[in-house]
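1. model the structure of this input:
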Amino acid sequence: MSAPKSPSTADPGPGSAEAGTAGLALGPDEEFVKNLEHFAQKAHVFAALASKHKLLPFDAYKHLEGLWEQVAASGARLTEPVPVEKPAFAGLSSEEARARLKKYGPNQATAAKRITLRDRLWDAVKNPLVLLLFVLGGISLATDDIRSAVVILGMAILGVVLKVIQEAKADTAAAELKRMVHTTATVLRDGKQREIPLARVVPGDIVLLAAGDMVPADVQLLRAKDLHINQAMLTGEALPVEKSVRPLGEAPPEGETGLGDPAMCFMGTNVVSGAAAAVVTATGARTYFGGIAAKLSEKRPATDFDKGIKSFTALMLRFMLVMVPFVFVVNGATSGDWMGAFMFALAVAVGLTPEMLPMVVTVCLSKGALAMAKHKVIVKRLDAIQNFGAIDVLCTDKTGTLTQDKIILEKYLDVAGAEDCSVLEYAYVNSKLQTGLRNALDLAVIDSGDGLTPAIDPAHFELLDEIPFDFMRRRLSVIVRDGRTGKAILICKGAAEEVFTHSRDCLVGGRTAPLDEGHRETMQKVVHDLNDDGFRVVALSYKEVDGERRDFRVADETDLTLMGYLAFLDPPKDTAADALQVMAAHGIQPKILTGDNAVITAKICREVRFDAGDHLITGEAVAAMSETELAEAVEVCHVFAKLDPMQKERIVKALRARGHVVGFMGDGINDAPALRAADVGISVDSAVDVAKESADIILLEKSLHVLEHGVIEGRKIFFNITKYIRMGASSNFGNMFSVLGASAFLPFLPMLPIQILVNNLMYDFSQTAIPTDNVDADILGRPRRWRIDDIRRYILFLGPVSSLFDYVTFFILIHYFGAWNNPALFQTGWFIESLLSQTLIVHVIRTDNIPFLQSWSSVPLGLTTLAICLVGVWLPFSPLAGTFGLVAPPTGYWGLMGLVIFCYMCLAQVVKTWVVRRIQASCAA
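-> Model prediction:
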C-alpha cells in the first residue's frame, strides 16, 4: 500500500489506473528517477496503453534529478531542516524520526479533551435562571411548601436535562473528522521505502504519492508528474486542481497563497492522478486539516437566543433584588411577624420567577421541530429554531444551492461561435467510445448527446484505437471508423490551447480552411468570451487517418482540423432566482461564500439576478484585511469567492460582530468551521458527516425554498415564546408593584402566600397553551430577534397599567365593601381580580393588532383561558375556599370587577399599541 488511502474508493480521474509504490527500490539519483518514472506511469496510464508500451520518453522525467539537493537546501522553509549529511533519497533516520515524533507529537488532527458529564451538568446548572429556580425550590422545600417546590424544581431539572443532552453532541463533529484520516503513508526512512502508520509521519519526512492516495500531512512538492489533487473537502470545488513544483524557499505567485498554492498539498485531500515526492512541512494539529478539527472542538459562541434569555434573566434578577427585600422588610416591620413576612416575600419571589419559561420554550421548540419536519427540515438543536426565525443574513455556498451541482454541456459551437450539432456528434463519439474512466465533462457530453432528437447512435462508429488522456498533453483521442462513410477518423478532444497548437486547419461553413491569423484571432476571442462568462471550454479537432492502422501514437495528434468548442457549466437552478427574492421579501440578505473562482461566481449571480455589484471580494483580499476592514466589507459586499474554510468562518464572525443574526448553509468539511460559528448552521442530508454533525438543522432537500418554511416556523416560535415573557413582564411585575404599595399601607398581608402561589400556578397553567397559539401573518415578514429594551418597555409602561387597576380594586374593596376590617374579603377580592385580569390580558398582549377583532387566539389557548377564569370564580364558593383562605365576595363585587377588568384591557390595548409603535420606530432606526 502506498501513501494513505481514503476510506472510500477514490476516483483516480481521467486516464488513470490503480497505482501504488510497492517494490519501489531506492538508491542513487538515477535509480530513484527510474523508479519514480515507473511509479508515475502506473498512476496515470491506462492498462490498455501500458500493454502497447506507449509511455512517454525518459527525457520527460529528467526534471526529477537533483531532488535531494533541493531538499537539503530547504531548511529555512521546513518545520525542521532535513539533515544535509544524509545520502541522497535516504530520508530521515529512524533515530531522527523518533526525536521529531517526541518533539511534535503524533500526526493526528486531535480534538480537544472531551467534556465529562459532570462538566456538562455544571455548565447547564450555572445558568442564572436555573440557579434561581433551584434556590427558590430549595427554600420552598425547607419551608414545607411542597407544591411550589415540585413545580419549580421540575422546571429547573427539565431545562438542565435538555441542555446536557444537546451539549453531549457538541464535539461529535471533531471526532468524525478525526476518524476520516486513519491509515498508512509511504515515506523514505534510513534509505529505504517504508510504509508507516499515519500518526508516525513527522515534519521533514519525504512521502511518495500516487493516484488514489490521501495526502498524509501538509507537504510541499519536491518533484511531481501530472499531479492532480481533489481538494473538494477543503475548498468545495468538485474539479481537481493541478499541482506543480516550486523551488523550496521561493514565495508562491501572487494570488496563489494558502489552499491555492500550487506547490502545496494538504492533509486529507486525495490524489486524483499522477505521482509525486514531497517533504512534510506540518503534521497533526499544525496542518490545515488539524486547524479545522480544532475549530470544531471549540465551545460554540453564544447565539442570539442564548443572549436574549440571559438578558431577560438578568433583568428579572435586578427587579427581584430590589422588590423582594423591600416587601420582606416592610411587612416584617408593620406586622412584627417576620416569619410570615419571609414566607410572603418568598411567595412574591416565586410570583416574579418565570418558572414556566423552560417548559414554554421547550414545548414551542418541539412543536416547531415537528412542523418543520413536514417541510423536509430536520432540527438537531432545538434552540436553533428560534434563531432560524431571527436570521437577517444567510450565507450560502453557490454550488448546489444556486446551481444544480451537476456539470452540463451548455453550448457546442463551431469555430465562429455558432451552434453546430456536428461538434456535439464528434464529441459524443469521443466520450462514449473511450475505454478509460469518464470524468464529469465526458458524462455531460454523453447526456447532451443522448438528449438530441434524433439521438446520436454510437453503433455507427467502430473503435479502432485510442490515445488516452494524460495531464501533460491534456488531450484524449479516439480513432473510429464511420460506418456510414467507411472513413477512419481521429477525433481529438482536450484543453483549447493544446488542441489549437496541434491544429493546422479549421472547419468554416462546412469547408476546410487554413488556420490563419484571422481565424486564430476569431477562435481566441470566442474562447476568451466563453471563459469570461464562466464557462469551462474544451476544443475539438479531427482528421482522416489510415483505417488499416491499429497502432496510433501521440505523434499522430498533429495536422488536425479544428471543428469547434464545447462549453461546460454548473447551471443555476430554475428556482434559485425566485428563492433569493423570497428571502429578500422576508428581510433576509443572502450572501454567497464560495471556494469557486470569481468569474464563474459572478456569472451564476447574474444568471439568478443576484446583484453582486462592484463588491465581489476574493479570499486573497479577505486575507489582507484587518478585522475592522473586514467588518466594514461584509456590510456592503454580498459575494465572496475563492475562499478557504477559515476565511468563511472569519466572514461569519465579522457579520455577527456587527449585530447580525447569521445562518450559514454548507455541506462540506470546508464549511464545518463556519457552520459552527454561525447562529444557525444549516446542512443537507447528502452532506459529509462532519458538516452534518456541525450543523444545527439538516435539510432533506438542498433548496432555499425549503429554508423559507424553516424561517417562518422560527418566527412563529419566537413570537410565542416572547408572548409568555411579555405577559410576565406586564402582568406579574404589575402585580408585584401592587404588592409593594399595598404592603406599605395595609395592616395585613394583601394576599396570603398560599393565595399567591395558587394564583401563580393557575396562571401558569393558562400559559401552557401558548405554544399552540396563532401568529399574525403581518408580523412574519421580517426577522425577529431578542431585544431586552423591548421587554423593558413592556415592564415600564404596561406594568403600571396593571398596578393602576389593582389600586382601583383596592379602593373599591375598602370603600364600598369595608374590606379594611375584613382581610379575608380584601385578599379574596384581589385574588380574583388579579387572576382574571392577568389571564385575560394574554389576549391583548399576544398580538400587535386588536384582539377578538383583527386577531384570534388558537382554540386551546381560548379554552384554557375560559377554564381558568371559571375555576377562579368558583374557588371562593368551593370546598377548597377555607384551605386557601378565600371567602364568598358580595354580589355587587362581580359587576364592578367586570367593569374594572374591561377598562384595564381597553387601556392596555391603547398603551400596547403605543409601545409597539415605539418598538417599530426603534427597529427602523
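2. pull out the buried residues from stretch 859-875.
-> 861, 864-865, 868-869, 872-873, 875 (16 or more other C-beta atoms under 10 Å). Just so you know, the C-beta spots here come from the backbone N, C-alpha and C atoms, and that holds for glycine as well.
3. for the stretch 801-925 of the chain, what are the low-confidence residue spans?
-> For the stretch 801-925 of the chain, the stretches with pLDDT under 70 are 923-925.
4. one step back: from the buried residues of stretch 859-875, which is closest to Lys487?
-> For those, the closest approach to Lys487 (C-beta to C-beta) belongs to Leu861, at 81.7 Å.
5. nearest spatial neighbour of the closest one, chain-adjacent residues omitted?
-> Computed as C-beta to C-beta, 6 or more residues apart in numbering, the closest residue to Leu861 that is not its neighbour in sequence is Ala769, at 4.1 Å.
6. same thing with Thr512?
-> Using C-beta to C-beta, 6+ apart and skipping residues adjacent in sequence, the residue nearest Thr512 is Asp505, 5.0 Å away.
7. phi first, then psi, for Leu560.
-> phi -80, psi 160 (degrees, to the nearest 10).
8. quick one: residues contacting it.
-> Contact analysis of Leu560 by C-beta atoms under 8 Å, 6 or more residues apart in numbering lists 490, 492, 499, 502-505, 541-543.
9. just the buried members of the residues you listed?
-> 490, 492, 499, 502-503, 505, 541-543.
10. wait, is Asn331 part of a strand?
-> No - Asn331 sits outside any strand when classified using DSSP: H, G, I helix; E, B strand; the rest coil, being helix.
11. so where does the closest residue to it other than its chain neighbours fall, helix or strand?
-> Distances taken as C-beta to C-beta, 6+ apart put Ala341 closest to Asn331, at 3.9 Å, once the chain neighbours are dropped. Counting by DSSP states H and E, the element that carries Ala341 is helix 338-352.
12. hmm, back to that, which ones among the buried residues of stretch 859-875 map onto helices?
-> If you go by DSSP state H, the buried residues of stretch 859-875 have 861, 864-865, 868-869, 872-873 in helices.
13. in TSV, list those residues along with distance to Asp392.
-> What follows is those, written out as TSV (distance: C-beta to C-beta, whole Å):
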residue	distance to Asp392
Leu861	29
Thr864	34
Thr865	34
Ile868	37
Cys869	40
Gly872	42
Val873	46
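14. which helix in the chain has the most residues?
-> Taking DSSP H as the criterion, the chain has its longest helix at helix 891-924.
15. for that one, buried residues please.
-> Neighbour-count burial for helix 891-924 [16+ other C-beta under 10 Å]: 893, 896-897, 900-901, 904-905, 907-909, 911-912, 915-916, 919.
16. just these now: which is nearest Asp776?
-> Val916 (11.6 Å).
17. please parse the protein into its domains.
-> Residue ranges for the domains of the chain, per automatic domain parsing: 29-110+177-296, 117-170, 304-366+716-924, 377-404+574-700, 411-568.
18. quick check: mean pLDDT across the first one?
-> Throughout domain 29-110+177-296, pLDDT has a mean value of 67.
19. re earlier: what is the nearest of the buried residues of helix 891-924 to Thr287?
-> Nearest to Thr287 out of the buried residues of helix 891-924 is Ile919 (C-beta to C-beta; 49.4 Å).
20. related to what we said a few turns ago, what residues does the strand or helix carrying the residue nearest to Thr512 touch?
-> Asp505 belongs to strand 503-508 when elements are defined using DSSP H and E. Contacts of strand 503-508 with the rest of the structure, by C-beta under 8 Å, 6+ apart, involve 414-416, 512-515, 519, 523, 541, 558-564.
21. what about those residues, which are in strands?
-> 414, 512-514, 541, 560-564 (DSSP state E).
22. could I have the buried ones of the residues you listed as ChimeraX selection syntax?
-> Per 16+ other C-beta under 10 Å, the buried members of these correspond to this ChimeraX selection:
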select :414,541,560,561,562,563,564
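23. in terms of contact, does Tyr426 touch Ala539 like I think?
-> No - the pair Tyr426 / Ala539 is not scored as a contact, 11.5 Å apart, by C-beta atoms under 8 Å.
24. ok, Arg286 - how many residues close by?
-> When neighbours are counted by other C-beta atoms under 10 Å, Arg286 registers 20.
25. for the stretch 401-550 of the chain, which spans come out with low pLDDT?
-> Within the stretch 401-550 of the chain, the segments meeting pLDDT under 70 span 471.
26. where exactly do the strands run in it?
-> Remark: strands assigned in the stretch 401-550 of the chain by DSSP state E, counting those that start in this stretch are 408-414, 461-470, 475-482, 488-495, 503-508, 511-514, 536-545.
27. in a markdown table: those strands, plus distance to Pro590.
-> Putting these into a markdown table (distance: least, C-beta to C-beta, whole Å) gives the following:
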| stretch | distance to Pro590 |
| --- | --- |
| strand 408-414 | 24 |
| strand 461-470 | 39 |
| strand 475-482 | 39 |
| strand 488-495 | 34 |
| strand 503-508 | 44 |
| strand 511-514 | 48 |
| strand 536-545 | 25 |
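28. closest to Asp611 out of these?
-> Across the strands of the stretch 401-550 of the chain, Asp611 has its closest neighbour in strand 408-414 (22.7 Å, C-beta to C-beta).
29. send the alpha carbons of that closest one over as CSV?
-> Provided in CSV are the C-alpha atoms of strand 408-414 (Å, rounded to 0.1, in the frame of the first residue of the first chain):
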residue,chain,number,x,y,z
ILE,A,408,-23.7,20.1,-18.1
LEU,A,409,-22.7,20.8,-21.7
GLU,A,410,-24.3,24.2,-22.2
LYS,A,411,-23.0,25.0,-25.7
TYR,A,412,-21.5,23.2,-28.7
LEU,A,413,-20.1,25.8,-31.1
ASP,A,414,-18.3,25.9,-34.4
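30. mind listing what Val280 touches?
-> By C-beta under 8 Å, 6+ apart, Val280 lies in contact with 79, 201-207, 216-219.
31. look up how far Pro216 lies from it.
-> Val280 sits 8 Å away from Pro216, going by C-beta to C-beta, to the nearest Å.
32. can you list residues touching both of those two?
-> Residues touching both Val280 and Pro216 (C-beta under 8 Å, 6+ apart) are 201, 207.
33. show me what counts as buried in the strand or helix carrying Ser366.
-> Using DSSP H and E, Ser366 sits within helix 357-373. By neighbour count on 16+ other C-beta under 10 Å, the buried set for helix 357-373 is 357-369, 371-372.
34. could you do stretch 435-444 as well?
-> Of all the residues in stretch 435-444, those buried under the rule 16+ other C-beta under 10 Å are 436-437, 439-442, 444.
35. now distance to Asp405 too, for those, in JSON lines please.
-> JSON lines is the format used below for the buried residues of stretch 435-444 (distance: C-beta to C-beta, whole Å):
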{"residue": "Gly436", "distance to Asp405": "24"}
{"residue": "Leu437", "distance to Asp405": "20"}
{"residue": "Asn439", "distance to Asp405": "16"}
{"residue": "Ala440", "distance to Asp405": "11"}
{"residue": "Leu441", "distance to Asp405": "15"}
{"residue": "Asp442", "distance to Asp405": "18"}
{"residue": "Ala444", "distance to Asp405": "13"}
